[in-house]
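Trainee: 3D, please:
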Amino acid sequence: MTVILGIDPGSRICGYGLIRVRGNTFDYIASGVIRMGEQAFPDRLHTIFTDISDIIDEHTPDVVAVEEVFMGKNASSALKLGQARGAAIVACTHHRLPVAEYAARKVKQALVGKGQADKKQVQQMVKSLLGLSRVPPEDAADALAIAICHANTQHTLVKMAGVKSGRRGRLRES
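Mentor: Numbering: from 1, shown residues only. Okay, the predicted model is just below:
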């Protein structure tokens, strides 16, 4: 069993989601959003760091998957997103957790089958794959999608390599 923490970083809203992986099945553990509101930017980064640290302390994940920064039309927004992402990653590495990174396009491809999927399609697929009674909020759904993408990627790599996954990302031969 592996517990994966998925993080959809943002400088105003940061989504998180935790799943447990057992073979080919996923169990929902928790998800939500960290809202920073109108705090000064350095305070938002601190909030991301402390809240992600608290989530790690509460749920003790084995590995973390984080969405990569994409360059949109606004360079300033991309820089802030990168800093928010950095605060989340530092919280994870502070807890000695391995961190995997995935492009948004790859996550959408892994869940919906096309890299141009919209938010609603991702939300519906997360709901379906995790057997949830309702669609999770956008940022939480994105974080859960990142965790599912990581689980599928690791499962495929392990099958290709002919090894079984161990705790904290260590591999052992079958």
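Trainee: for the rest of this, base every contact and every neighbour count on C-alpha atoms.
Mentor: Noted.
Trainee: against residue 146, how distant is residue 12?
Mentor: In this view, residue 12 and residue 146 are 19 Å apart by C-alpha to C-alpha, to the nearest Å.
Trainee: can you check residue 124 too?
Mentor: From residue 124 to residue 146 the distance is 14 Å (C-alpha to C-alpha).
Trainee: of these two, who's got more company?
Mentor: When residue 124 and residue 146 are compared for neighbours, residue 146 comes out ahead with 35 against 17, by other C-alpha atoms under 10 Å.
Trainee: break down this structure into its strands, ranges please.
Mentor: 2-8, 13-22, 25-35, 63-67, 99-102, 163-165, 171-173 (DSSP state E).
Trainee: and the fourth one with strand 2-8, angle?
Mentor: Orientation check (axes from the mean of the first three to the mean of the last three C-alpha atoms, to 10 degrees): strand 63-67 against strand 2-8 gives 20 degrees.
Trainee: how about strand 63-67 as CSV, C-alpha atoms only?
Mentor: Provided in CSV are the C-alpha atoms of strand 63-67 (Å, rounded to 0.1, in the frame of the first residue of the first chain):
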residue,chain,number,x,y,z
VAL,A,63,5.4,10.1,-1.9
VAL,A,64,4.2,13.4,-3.3
ALA,A,65,3.2,14.4,-6.9
VAL,A,66,3.2,18.0,-7.9
GLU,A,67,2.0,19.8,-11.0
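Trainee: residues contacting the closest residue in space to residue 120 that isn't next to it in sequence?
Mentor: Nearest residue to residue 120 in three dimensions, chain neighbours excluded: residue 138, at 7.9 Å (C-alpha to C-alpha, 6 or more residues apart in numbering). Taking C-alpha atoms under 8 Å, 6 or more residues apart in numbering, we find residue 138 in contact with 119, 120, 123.
Trainee: tell me the one of the residues you listed nearest residue 24?
Mentor: residue 123 (20.0 Å; C-alpha to C-alpha).
Trainee: quick check: the closest one touching residue 135?
Mentor: Yes. The pair residue 123 / residue 135 is scored as a contact, 5.9 Å apart, by C-alpha atoms under 8 Å.
Trainee: between the two, which one's more packed in?
Mentor: Taking neighbours as other C-alpha under 10 Å, residue 123 and residue 135 compare with residue 123 leading, 23 against 17.
Trainee: if I look at the more buried one, how far off is residue 137?
Mentor: Counting by C-alpha to C-alpha, the gap from residue 123 to residue 137 is 8 Å.
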